[in-house]
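Peer 1: Need coordinates for the below:
(chains A and B)
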Amino acid sequence: MEQDLLLLDAIERYYRGEMSHEEAAQFEELRKSNAHIDQLAVEHIFFLEQLDNLSKISNLKSVMNSVEDKLELEGAINFKNSKLKAKVVHIWKRYKRTISVAAAAAVLVSIFTATGVSFLSQNKKSALTPLVDNKINQLENKLNQMESKLNHVASTKTPFTANFRATGFLLDGRGYVITNAHVVSRAKNLIVENQQGNQYAATAVYTNPITDLAILKITDSSFKKVKSIPYNLAKSGSSLAEQIFTLGYPREDIVYNQGYLSATTGYSGDTSAYQISISVNPGNSGGPVLDKKGEVIGIISSKETNADGVVFAIKSKSIIEAVKEMKEKTGDSIRIPSNNTLKGHSRVQQIDSIENYIFKVKGN
Amino acid sequence: MHRQVNTFDDEKALLRGLSTHDPLAIEMIYRQSFGPIQSFVIKNNGFSDDARDVFQEAMVILFENAQSESFELTCRIRTYLYSICRRLWLKKIEREKRFYTGSFDTLNEIVPVEDDLEMHEKKDADLQLMDEALGKIGEPCKSLLEAFYIQKKSMPEIAESFGYTNADNAKTQKYKCLMRLKKLFFSRYKNED
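Peer 2: Take a look at the predicted model:
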């Protein structure tokens, strides 16, 4: 052992350059003549290098930590949302149960996909694109801010900086808006904005990741209750080839699109959804799908990434169920619109009366 | 408010500073580069703490590069760090499926960093091994070895703070600990390969 200790000590002094020229030369000679010692030296030097790396990086990290502390104290770097985080953690905890249920359901879905449809296509689940527009970039943010400043010249509210946008529509004149659960699931703050650019703070009062439906309640006092909503929810199923149309916010302005119902089931036979053929883009998520009578037959949720014009819409029946479930859970009852005043009107007239009830859902 | 570093020589000086753990250089790099990275992470479903973590990792990568003589930075430090952090964060959210699809990109310039990341991953795995091995040998070995090899304290210093009667005693103890650490490290290391 004594000898090994001396040898390792020599290797370390050699590695650190602590040997004199002569000693180093002798040591190199020894390595050349003795393969065993050479191997030991190679191994130990490699080991020392690893330790050295660890040392350097842990030193670097400790310097970085003190620099961060300094900058934070100084306010030079604004480590944002440290307070917000606590709130989000709280929300996360509250929804943890629902989320784990959803995760379990997702596993089920993927197993089903793997066995049931694997001969058609692999990994199709990942090919579904939720249609939330989160590409709002800085420029657009600036534009939005300017826009809302113009809209609120008199108001003192600070403009809301959103990092995603989707669509939702009024379900109850007292300020209940329905949209997709995936739209609001990661949002810390939510607002809904009508076509005129009026923004109202809202909170998600119901989310169900399994059906992908969420109900928001407008909490803003500036929101005026709506007496009657022109569309109603279809109670029976729709037929193949039926003409449909949608309104949504793939951009800041409301966009109309039309198409037809291409299948009475959704992705991989999902009976709670329709497949529709229509052109939609990120931002259309949560938009209503209406038939020619002006009945809401569904709500746009996702599209298939690999195929063109394959869009899925959750059936209106699920919305009605969601409303029931919400009542059971929270006691909030929603009066689902039952009067339809759109029947028999031209499409232009229909859109004219609907568009005020379609909202942008924004959040950050 | 702060001097905007943009000449080539200034950038080189910062890199040299980083490679010697110079707090001033590191502070300057933070001031110049952290902001856009933080916005990117937060806009893509992260928190401030996530931004700090990816930034620190990117700094480690830049540091490792700065150590090697052959390394030449072909873009500005902030661009390089932004590109690294962007990759790291996108990878992470992809792994955790934290996001829907697509992601928000700011309008910052990016450069390809895949090769650097791959190299770093290998290095990082080795470091992890060493870190874990150190965690497993137990006390007082861990502290003793860390004092010598990580904090680079001298043997007499260590003998005093650990209560050994002399430096030679400490050295014998260190040797025993070192052998255990090596055994642990190499048994894992050879298995990994």
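
Peer 1: what about B:Lys183, distance to B:Lys190?
Peer 2: 11 Å (CB to CB, to the nearest Å). For the C-beta atoms, the positions are set from N, CA and C on the backbone; glycine is no exception.

Peer 1: Which residue of these two possesses the greater neighbour count?
Peer 2: Neighbours were counted for B:Lys183 and for B:Lys190 using other CB atoms under 10 Å in any protein chain shown; B:Lys183 has more, 12 against 8.

Peer 1: So the helix or strand containing the more buried one, near chain A or not?
Peer 2: B:Lys183 belongs to helix B:167-192 when elements are defined using DSSP states H and E. Yes: Helix B:167-192 comes into contact with chain A (CB under 8 Å from any CB of the partner chain), by way of B:171-172, B:175, B:178, B:182, B:185-186.

Peer 1: residues of that helix that come out buried?
Peer 2: By neighbour count on 16 or more other CB atoms under 10 Å in any protein chain shown, the buried set for helix B:167-192 is B:167, B:170-171, B:173-175, B:177-178, B:181-182, B:184-185, B:189.

Peer 1: now swap in stretch B:43-51 and tell me
Peer 2: Quick answer for stretch B:43-51 (16+ other CB under 10 Å): B:43-48, B:50-51.

Peer 1: Now do the helices in chain A.
Peer 2: Taking DSSP state H as the criterion, chain A contains helices spanning A:2-15, A:21-33, A:35-74, A:82-116, A:138-151, A:181-184, A:316-330, A:347-354.

Peer 1: What of chain B?
Peer 2: B:8-19, B:23-43, B:48-67, B:77-96, B:114-136, B:141-145, B:155-162, B:167-192.

Peer 1: Quick one: mean pLDDT for stretch B:50-58?
Peer 2: Stretch B:50-58 shows a mean pLDDT of 92.

Peer 1: Please enumerate residues in contact with it?
Peer 2: With CB atoms under 8 Å, 6 or more residues apart in numbering or on different chains as the test, stretch B:50-58 has contacts from A:61, A:64, A:68, A:79, B:30, B:33-34, B:37-38, B:40-42, B:81, B:84-85, B:88-89, B:92.

Peer 1: quick revisit: out of the buried residues of helix B:167-192, the closest to A:Ile45 would be?
Peer 2: When these are compared for distance to A:Ile45 (CB to CB), B:Lys182 wins out at 12.1 Å.

Peer 1: Next, the contact list for the closest one, please.
Peer 2: B:Lys182 neighbours (CB under 8 Å, 6+ apart): A:44, A:47.

Peer 1: again, only using 6 Å
Peer 2: A:Phe47 (CB atoms under 6 Å, 6 or more residues apart in numbering or on different chains).

Peer 1: what does the model give residue 3 for pLDDT?
Peer 2: Because you didn't say which chain, this covers chain A. What the model reports as pLDDT for A:Gln3 is 76.

Peer 1: That was the other one, I meant chain B.
Peer 2: So B:Arg3 comes in at 49 (pLDDT).

Peer 1: Tell me where the model's unsure across chain B.
Peer 2: Low-confidence segments of chain B, defined by pLDDT under 70: B:1-8, B:96-108, B:191-193.

Peer 1: for chain A, what are the nearby residues on it?
Peer 2: Residues of chain B found near chain A (CB under 6 Å from any CB of the partner chain) are B:21, B:23, B:26-27, B:30, B:34, B:43, B:45, B:47-48, B:56, B:60, B:63, B:100-101, B:104, B:106, B:126-127, B:130, B:149-150, B:175, B:182.

Peer 1: Taking those, please make a PyMOL selection of just the buried ones.
Peer 2: Those of those that count as buried under 16+ other CB under 10 Å are selected in PyMOL with:
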select buried, chain B and resi 21+26+27+30+34+43+45+47+48+56+60+63+100+104+106+126+127+130+149+150+175+182
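
Peer 1: Apart from its chain neighbours, what residue comes closest to the most far-flung residue of chain B relative to its centre?
Peer 2: Using CA atoms, centre = their mean, the residue of chain B lying farthest from its centre is B:Thr165. It sits 36.3 Å away. Leaving out its chain neighbours, the residue that sits closest to B:Thr165 by CB to CB, 6 or more residues apart in numbering or on different chains is B:Ala159, at 7.5 Å.

Peer 1: again with B:Ala58
Peer 2: Counting by CB to CB, 6+ apart, B:Ile84 is the residue found nearest to B:Ala58 once chain neighbours are left out, at 4.0 Å.

Peer 1: The one you found and B:Val111 touch, don't they?
Peer 2: No: counting by CB atoms under 6 Å, B:Val111 is not a contact partner of B:Ile84; they are 9.2 Å apart.

Peer 1: and A:Gly17, how many neighbours?
Peer 2: By other CB under 10 Å, 7 other residues sit near A:Gly17.

Peer 1: in stretch A:19-36, what counts as buried?
Peer 2: Using 16+ other CB under 10 Å as the test for burial, stretch A:19-36 gives A:19, A:27, A:31.

Peer 1: wait, which of those is closest to A:Phe169?
Peer 2: Using CB to CB, the buried residues of stretch A:19-36 come closest to A:Phe169 at A:Arg31, 78.9 Å.

Peer 1: so how far is B:Asp50 from the residue nearest the centre of chain B?
Peer 2: In chain B, the residue lying closest to the centroid (CA atoms, centre = their mean) is B:Val60, at 3.1 Å. Distance of B:Val60 to B:Asp50, computed by CB to CB: 16 Å.

Peer 1: next one: B:Arg16
Peer 2: 29 Å.

Peer 1: ditto for A:Ile299
Peer 2: A:Ile299 is 32 Å from B:Asp50, where distance means CB to CB.

Peer 1: what does stretch A:164-183 contact?
Peer 2: Contact with stretch A:164-183 is made by A:130, A:132-134, A:192, A:207-209, A:212-218, A:223, A:225-227, A:229, A:248-249, A:283-288, A:301, A:334-335, A:357-363, as judged by CB under 6 Å, 6+ apart.

Peer 1: Quick check: which ranges of chain A have low pLDDT?
Peer 2: Across chain A, the ranges flagged by pLDDT under 70 are A:1-2, A:78-159, A:306.

Peer 1: Using the record's assignment, carve it into domains.
Peer 2: Using automatic domain parsing, the domain parsing of chain A gives A:2-74, A:80-364.

Peer 1: Compare those domains and give me the one nearest B:Ser70.
Peer 2: Set against B:Ser70 and scored by CB to CB, the domains of chain A come closest in domain A:2-74, at 17.1 Å.

Peer 1: about what we covered before: between B:Ile84 and B:Val111, which is the more surrounded one?
Peer 2: B:Ile84 (25 against 14).

Peer 1: mind listing what that one touches?
Peer 2: B:Ile84 touches B:58, B:61, B:113, counting by CB under 6 Å, 6+ apart.
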